[in-house]
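J.: Let me see the structure of the following:
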Amino acid sequence: MAGQPEHNKEADVTLKLAEEQIELTKQKVVDGRVRVTRSTTEHDEVINTLLNKEKVEVEHVAKAQHVESMPEIREENGVLIVPVVEEEIVVVRKLVLKEEIHIRKVQETVPFQEVVTRRKQQVNIEKEDDR
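T.: Presented below is the predicted three-dimensional model:
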């Protein structure tokens, strides 16, 4: 058979076969629920502490002392001294220191107690199954 090409017996033969395709889809599924509750409780609680308080003691110290000029307010050994003067009229004017006011700070510690209301919250979490 001249004129017809010869078939190559060693030639590769490709055959098309069926091919499977995969399609993937996702879906949300609720399999349980969570319930969160919060509650507040109140209870009385006693608090104890020591408080510092300050008070002043005022002492009038009589002087009846003649002075040439107005004395300054001063502090001596933690005592504030406020001079009080008045004029006496004589042939010549003179200042007479009538008294000094001595103010002393006194600190004391006193017990203190008070009932206060304190709030406290709790959280409760419960899981509910839908299945």
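
J.: what about the helices in the protein?
T.: With DSSP state H, there are no helices along the chain.

J.: Strands of that one, residue ranges please.
T.: Remark: strands assigned in the chain by DSSP state E are 32-67, 74-76, 79-88, 94-129.

J.: strands paired with the first one, and their directions?
T.: Strands flanking strand 32-67 in the sheet, each with its direction: strand 94-129 (antiparallel) (DSSP bridges).

J.: Please determine how far L15 is located from E68.
T.: 135 Å (C-beta to C-beta, to the nearest Å). Glycine gets a C-beta too; all of them are placed from N, C-alpha and C.

J.: between those two, which one's more packed in?
T.: More crowded of L15 and E68, by other C-beta atoms under 10 Å: E68, with 7 against 4.

J.: Surely the more buried one is in contact with L95?
T.: Yes. With the criterion set as C-beta atoms under 8 Å, E68 and L95 qualify as a contacting pair; they are 6.8 Å apart.

J.: Low-confidence bits of the chain, can you list those?
T.: Counting by pLDDT under 70, the ranges of the chain that qualify are 1-11, 130-131.

J.: Next, the buried residues of stretch 82-97.
T.: Across stretch 82-97, burial judged by 16 or more other C-beta atoms under 10 Å covers P83, V85, L95, L97.

J.: and of these, the nearest to N48?
T.: Of all these, N48 sits closest to P83, with 44.5 Å by C-beta to C-beta.

J.: Distance of the closest one relative to Q107?
T.: 26 Å.

J.: got it, and N52?
T.: Remark: distance between N52 and Q107 (C-beta to C-beta) = 6 Å.

J.: Which strand residues bridge the nearest residue to E45 once chain neighbours are set aside?
T.: With C-beta to C-beta, 6 or more residues apart in numbering as the measure, R118 is the residue that lies nearest to E45, at 5.0 Å, once sequence neighbours are left out. Taking DSSP bridges as the rule, R118 bridges to H43.
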